[in-house]
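> Quick one, fold the following:
(chains A and B)
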Amino acid sequence: MCAEQLNRPAEPPQLPTRSDFKLGAMGEKAVLVRLMLPDGLTSFKQIDQPTRLHRLKVMRSLETRLEQSLSGTHPDWKWELVTSYDTILLTFDPLNSPVTASAIQAFLESELASQVVEWQTSRTLGETKTGRLHRIGVYYGGQAGPDLERVATLNRITPEELIELHTGTIYTSQVIGFAPGFAYLGDLPPGLVAPRLPQPRPRVPGGTVAMAAGLTGVYPFDLPGGWNLIGATPFTIFDITRQPPIRFVPGDRVQFYRLTEKPTDTVLDHW
Amino acid sequence: MLHPGLFTTLQDLGRQEGRKYGVPPGGVMDRFAHLAANSLVTNRPEAATLEITMQGPELLFLEKAVVAVTGVELEITVDDRPLPAWAALFVRAGQVLSVKRLVKGARAYLAVHGGFAAPVIMGSRATYIKSSLSGYKGLGRALRTGDRLASGPASVSHLASLAGKQWPPQRPIPAYSQSVSVRVIGGPFEEYFVEDAFEAFLATKYRLDSSSDRMGFRLNGSPLKFSLPEFELASYGAVFGTVQVPPNGQPIVLMADHQVTGGYPVIAVVQEDDLSLLAQLLPGDTVRFCRSEDSNSQGG
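Prediction:
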């Protein structure tokens, strides 16, 4: 082996092939597309950050194709897609869709085959559109941020420094899950440690800003939660009367800024 | 509403296109009983019904109506006179309908001709308690004493002519029981379980834990074993009926109000038609799972 190859920095992210994916029935009217873990890995946690984001990009690229294809050819199928870090669930209305799991599987096989060819020939995952930038005011610490000091101490910094780090980063809305409108915003600055709580709190008030496992997020309403609570925002995150009802659409960017006074209704909330 | 019962909510067949926003489809737990109640009062399948949990409500009718109540071995009275379940009943203004304590199944459905009125959010009137969404007046809560429910317009001029219909025998009522057997399809995460885990899952009689609710049914039995000592999955989209297995090895079946995403390996998914049997279980009742014989799932 020549030294050049040994010293190369990080391997460029691979464009996926068909064998990187597995399709599995999720009951009678849904199929889960899984991007399998790289060889030798057994846990999602073991994937480094650039690879994790690359894999999410793969799933978003495939999602875009599936969306276009389903709207174009099967507008009456009553389908929904749920995209996460390494899976896409394609699911159909159990009562009103005549499709079977094997028909869905066949559809996905063919889409996946075309998509893989497209990735391999274009040598790219395609364009990622840059979403809106949201600026969200947060009142840090106090009653709403009971974990601020502990997380700061854990990282050997002051709460002030932790706030600077949290507000100094522009996050991307990566995945929606857990609860209506809850966006996984990432990534936290590298090296910032904030493990999940061993025992989740039974009730975290809506508007609470939290961090855990390399990510940050805002609880849209009162929910149980195991993340570290660092502050609160008076901004609305989920509003069922809006279209879309979520503030942080995947791909959107979010930057927090510090509110020096307790949140009041004088804050202008331009969604 | 003179008395709301233990936990009575407006439900229907659930929302669509909410998953990508993190909003689960929700809707009724026992689709068969809901559809039958609507059919008996000549409603469309998507009309909202009252989902009654364990303890029935008492309703004073301010106007005449045709109603039907479905569920497992129910006791229903109108002005203290016992009347049958799974039948269209004519109720006059001023009469009180009461559904007594449910003892053989967890849920009953009350449909009224015209369907219960409520704001339609994401194509549904179903109450989603956890996020206080939709349902009665869009408040996302269970019904309370003093609430006034309205129904949609009648489609016939003589309401009473609809009464008397019994559930037709050509589509029999599911074999509701306190010890059920439900069919499953193997789940998509088999490599996370030991090789004989699915067989062990099918061989185990599970008991429903008392912490079970509309979000999930927790089951107790001999714990299932994983193929790896430690691992973590990224969350993935799940469906009503998904059986996921947390680290303690005791399965959780995701029910109507499940989170859009799950986080544990899935060993199986309950077949649509058998979700009704499962939905009627009370804490302490038992369930066994068996392999789906449905040839349709192979056809396509």
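> Which is the succeeding secondary structure element to the lowest-mean-pLDDT helix or strand in chain A?
Within chain A, judged by mean pLDDT, DSSP states H and E, the helix or strand with the poorest mean is helix A:3-7; its value is a mean of 45. Using DSSP states H and E, the helix or strand that follows helix A:3-7 in sequence is strand A:21-25.
> Sheet partners, orientation included, of that next one?
strand A:30-35 (antiparallel) (DSSP bridges).
> Please enumerate residues in contact with the partner strand?
Here strand A:30-35 makes contact (C-beta atoms under 8 Å, 6 or more residues apart in numbering or on different chains) with A:16, A:20-26, A:55, A:58-59, A:62, A:86-92, A:101, A:104-105, A:108, A:112, B:188, B:236-237, B:239, B:269. All C-beta spots, glycine's among them, are computed from the backbone N, C-alpha and C.
> going on from that strand, what's the next piece of helix or strand?
Downstream of strand A:30-35, the first helix or strand assigned by DSSP H and E is helix A:49-73.
> what comes up buried for that following helix?
Residues A:51-56, A:58-66, A:70 are the ones in helix A:49-73 that count as buried (16 or more other C-beta atoms under 10 Å in any protein chain shown).
> in stretch A:234-241, what's buried?
A:Pro234, A:Phe235, A:Thr236, A:Ile237, A:Phe238, A:Ile240.
> Start and end of it, how far apart?
Distance between the boundary residues of stretch A:234-241 (C-alpha to C-alpha, to the nearest Å) amounts to 18 Å.
> Likewise for stretch B:53-61?
Terminal residues of stretch B:53-61 lie 21 Å apart, using C-alpha to C-alpha.
> That one - what's its average pLDDT?
Here stretch B:53-61 scores 97 as its mean pLDDT.
> Quick one: name whatever helix or strand follows the longest strand anywhere in chain B.
In chain B, taking DSSP state E as the definition, the longest strand is strand B:179-186. The helix or strand immediately downstream of strand B:179-186 is helix B:197-203, counting by DSSP H and E.
> So what touches that following helix?
B:186, B:190, B:222, B:224-226, B:243, B:251, B:267-268, B:288-291.
> Closest to A:Arg156 out of these?
Of all the contacts of helix B:197-203, B:Phe226 has the smallest distance to A:Arg156: 35.9 Å, by C-beta to C-beta.
> Tell me how far the closest one lies from A:Ala183.
Applying C-beta to C-beta, to the nearest Å, the value for B:Phe226 to A:Ala183 is 30 Å.
> between those two, which one's more packed in?
Neighbours per residue (other C-beta atoms under 10 Å in any protein chain shown) separate B:Phe226 from A:Ala183, with A:Ala183 holding more: 29 against 17.
> For that one, give me phi and psi.
Torsion angles at A:Ala183 (phi, psi; degrees, to the nearest 10) stand at phi -100, psi 130.
> what sits against it?
Applying C-beta under 8 Å, 6+ apart, the residues near A:Ala183 are A:Ser173, A:Gln174, A:Val175, A:Ile176, A:Gly217, A:Val218, A:Ile237, A:Ile246, A:Arg247, A:Phe248, A:Pro250, A:Val254.
> From the residues you listed, which land in strands?
Those of these lying in strands (DSSP E): A:Ser173, A:Gln174, A:Val175, A:Ile176, A:Gly217, A:Val218, A:Val254.
> From those, list the buried ones, please.
Counted by 16+ other C-beta under 10 Å, the ones in strands among the contacts of A:Ala183 give A:Ser173, A:Gln174, A:Val175, A:Ile176, A:Gly217, A:Val218, A:Val254 as buried.
> Can I get these in CSV including pLDDT?
Converted to CSV, these look like this (pLDDT from 0 to 100):
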residue, pLDDT
A:Ser173, 97
A:Gln174, 96
A:Val175, 95
A:Ile176, 95
A:Gly217, 97
A:Val218, 98
A:Val254, 98
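> among those residues, which are in reach of chain B?
A:Val175, A:Ile176 (C-beta under 8 Å from any C-beta of the partner chain).
> what is the most centrally placed residue in chain A paired to in the beta sheet?
Nearest residue to the geometric centre of chain A (C-alpha atoms, centre = their mean): A:Val175, 2.2 Å. Note on A:Val175: beta-bridge partners A:Tyr184, judged by DSSP bridges.
> check contacts around it.
A:Leu56, A:Thr83, A:Ser84, A:Tyr85, A:Ala183, A:Tyr184, A:Pro250, B:Ser235.
> just checking, the fourth one touches A:Leu56?
Yes - using C-beta atoms under 8 Å, A:Tyr85 makes contact with A:Leu56 at a distance of 5.3 Å.
> what about the longest strand seen in chain A, near chain B?
Determined from DSSP E, the single longest strand within chain A is strand A:133-140. No - using C-beta under 8 Å from any C-beta, strand A:133-140 stays clear of chain B, coming no nearer than 15.9 Å.
> who touches both of A:Tyr85 and A:Leu56?
Common neighbours of A:Tyr85 and A:Leu56 (C-beta under 8 Å, 6+ apart) are A:Gln174, A:Val175.
> so where's the chain uncertain?
Going with chain A. Along chain A, the model assigns pLDDT under 70 to residues A:1-12, A:262-268.
> right idea, wrong chain: chain B
B:169, B:294-300.
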